[in-house]
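In: No letters, just coordinates:
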């Protein structure tokens, strides 16, 4: 069984390719650095030849609103057209919990466009909505920093390890198409301000975390449950502190 993982050399993609190969599958890592470019269409037909499942975990090289929309819209159209021509039977995409809840966020808007294109395609599909990754925690803190202050809203926050994300996407890819979505999140739920206060203290970071109910998350004001999955979501098993300890020890 051949899987093509678009974005297969990135954070989640590389983990997923390894996991699929461990299960005895053929897994092709498709990315610009392997000669496959979904934005231009370069290499797509060759990569998808004989593929049963295509998994899209790719990301835009730019987070600027217009650029990220162009990437997800154009790349997804090109990918779906190539899959149709190749007779691919299952399209799996990684997206974000709460995409529809934060319309002021340009990245989330672009992901909604991507999901709509997938849902309207004739190809059976599964969409995995994941919460924020542990690997992005530092970037979230940096984006919320003003001078020596990190402003965080006291809303629910349920991040997860990249390894758990890859496992969830792999599970969807190896199963039958859902023609719908599944939500996945971390095993622990925090208050966002308290989480970052503890994390920065653990880093020895001198920045002060200030609780601000109007603090914005990449341009969007958050409600209590903007970033967390609904009841019934599949939860990962790796806790943040265990992950951070392992990462600090280089394991």
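Out: Structure's in. What do you need? Values in this document were obtained by computation on a predicted structure and should not be read as measured data.
In: how about the helices in the stretch 1-150 of the chain?
Out: 11-22, 44-48, 65-86, 106-120, 137-143 (DSSP state H, counting those that start in this stretch).
In: Quick one: closest of the ones you listed to residue 175.
Out: Of all these, it is helix 11-22 that lies closest to residue 175, at 12.9 Å by CB to CB. Every residue, glycine included, has its C-beta placed from N, CA and C.
In: Flag every buried residue along that closest one.
Out: Residues 11, 12, 13, 14, 15, 16, 17, 19, 20 are the ones in helix 11-22 that count as buried (16 or more other CB atoms under 10 Å).
In: same deal with stretch 210-228?
Out: 215, 217, 220, 222, 226, 227, 228.
In: Quick one: mean pLDDT over that stretch.
Out: Mean pLDDT, stretch 210-228: 95.
In: Could you do stretch 238-251 as well?
Out: 81.
In: please renumber so the chain begins at 36
Out: New numbering, starting at 36: the last item is stretch 273-286.
In: now that stretch, how far from the chain's geometric center?
Out: The gap between where stretch 273-286 is centred and where its chain is centred comes out at 20 Å by CA atoms, centre = their mean, to the nearest Å.
In: ok, now stretch 58-71?
Out: Distance of stretch 58-71 from its chain centroid, counting by CA atoms, centre = their mean, is 18 Å.
In: Start and end of that stretch, how far apart?
Out: 24 Å (CA to CA, to the nearest Å).
In: Need the contact partners of it.
Out: Under the criterion CB atoms under 8 Å, 6 or more residues apart in numbering, residues 36-45, 48-49, 51-52, 55-56, 73, 77-79, 82, 86, 93, 205, 209 lie in contact with stretch 58-71.
In: isn't residue 39 right up against residue 85?
Out: No: taking CB atoms under 8 Å as the definition, residue 39 is not a contact partner of residue 85, at 9.4 Å.
In: Look at these two and report which has more neighbours.
Out: Taking other CB atoms under 10 Å, residue 39 and residue 85 do not tie; residue 39 has more neighbours (28 against 13).
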